[in-house]
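> Mind folding the following:
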Amino acid sequence: MTTNAEHRGLLLGLLGVLIFAMTLPMTRLAVGPLDAPQLPPLFVTAGRAAGAALLSVVYLWLTGAPWPTRRDALPLVVSALGTVVGFPLFIALALREVPAMHAAVITGVLPLFTATVAAWHLRQRPSNGFWACAVLGCALVLGFAAVQGGGHLVSADGLLLLAMGSAAIGYVAGAKLSQRWRAEHVISWVLVISLPLTAPVAWWAQPAAPAGISASAWGGFAYVTVFSMWLGFFAWYRGLALGGMVRVSQVQMVQPFLALLLAVPVLGEPLQAMTLVFAAAVVAVVFIGKRMAVHKEPRA
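You can find the predicted model right below:
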């Protein structure tokens, strides 16, 4: 892999992370807190995927995308279960109980989850220095979460960890396909094959009184449909394929802090100086970690 490809992969990965960073505050807007609920979490999960699937149908037709083959079936299904079902559902449920800023810091474990799944699946062997940076970055993020949470985690953190595991598995399956397909076609087909499930569930789970839902909640739903569930993956999957899944996954370490920064104008949540200090430390770890070697083990 050339250095130019790695740099392009990292930049595309960072663009995807920036788009995904808005997911938490926008999902919080869509579902609302427990004491002032807006859209049902199940509707947000299925509805955003169904809406993005309709966009994907048009896109696949206009670009003349090839049809998936039998060998593509399993990774498409795995990617769909992780990114279309597991991640958004667990996130939506958790955000009924905790603020977006709390959820944001827990997402800091996602790079380590993704790197672990990718290394196992692709038989890659990251250097000890790479793993040291990954673990250090994860520890910084969890330490920040503990400080913000008064020294302990809460029950919704279990849902958030399930969301991270689902996303990591789905990311690796989709990125593997992106080595052979255009990234835009991968996420589009993932959404299309999910449509027979997501469309009926979205219809069944729709709010009883749509007119009573706030405009901001519908705006949050629109964002997670078009950007979080569709366009963000254009950049993210291509970045993972170009720059290497294990290496590019580490740029996700800045996602929690971007989400924290974005929650200020979107949700009006206050930003503390400590957030900026931890953000700078995590960015430094990502910069060092991307320079560490990642070797590929020979197939047996």
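> alpha carbons only for contacts and neighbour counts from here, please
Will do.
> what secondary structure does Arg125 sit in?
Following DSSP: H, G, I helix; E, B strand; the rest coil, we place Arg125 in the strand state.
> can you count the residues close to it?
Applying other Cα atoms under 10 Å, we find 17 residues neighbouring Arg125.
> Show me what it is bridged to.
Following DSSP bridges, Arg125 is listed with bridge partners His295.
> how near is it to Cys133?
Arg125 is 14 Å from Cys133, where distance means Cα to Cα, to the nearest Å.
> And Asp72, by the same measure?
Asp72 is 34 Å from Cys133, by Cα to Cα.
> Look at those two and report which has more neighbours.
The neighbour comparison of Asp72 against Cys133 (other Cα under 10 Å) goes to Cys133, with 22 against 12.
> got the contact list for Ser216?
Residues in contact with Ser216 (Cα atoms under 8 Å, 6 or more residues apart in numbering) are Leu29, Ala30.
> Buried residues in stretch 219-226, which are they?
Gly220, Phe221, Ala222, Tyr223, Val224, Thr225, Val226 (16 or more other Cα atoms under 10 Å).
> Can you read off the pLDDT for the last one?
Reading off the per-residue confidence, Val226 sits at a pLDDT of 96.
> burial count for the closest residue to it other than its chain neighbours?
Nearest residue to Val226, sequence neighbours excluded (Cα to Cα, 6 or more residues apart in numbering): Ala52, at 6.0 Å. Counted with other Cα under 10 Å, residues neighbouring Ala52 total 25.
> From Tyr171, how far off is Arg125?
Arg125 is 19 Å from Tyr171, by Cα to Cα.
> can you pull the contacts of Ala173?
Contacts of Ala173 by Cα under 8 Å, 6+ apart are Pro75, Leu76, Val78, Ser79.
> Sticking with it, tell me its helix or strand.
Secondary structure assignment for Ala173, by DSSP states H and E: helix 156-177.
> Can you mark which positions in that helix are buried?
Quick answer for helix 156-177 (16+ other Cα under 10 Å): 156-157, 159-177.
> Likewise for stretch 109-122?
Val109, Leu110, Pro111, Leu112, Phe113, Thr114, Ala115, Thr116, Val117, Ala118, Ala119.
> Make a markdown table out of the residues you listed and add pLDDT and secondary structure.
A markdown table is the format used below for the buried residues of stretch 109-122 (pLDDT from 0 to 100; DSSP: H, G, I helix; E, B strand; the rest coil):
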| residue | pLDDT | secondary structure |
| --- | --- | --- |
| Val109 | 76 | helix |
| Leu110 | 80 | helix |
| Pro111 | 77 | helix |
| Leu112 | 76 | helix |
| Phe113 | 80 | helix |
| Thr114 | 79 | helix |
| Ala115 | 77 | helix |
| Thr116 | 78 | helix |
| Val117 | 81 | helix |
| Ala118 | 77 | helix |
| Ala119 | 75 | helix |
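> Nearest to Phe43 among the residues you listed?
Taking Cα to Cα as the measure, Phe43 lies nearest Leu110 of those, at 24.4 Å.
> Would you enumerate the residues in contact with that closest one?
Met164, Gly165, Ala167, Ala168, Gln252, Met253.
> Thank you, goodbye.
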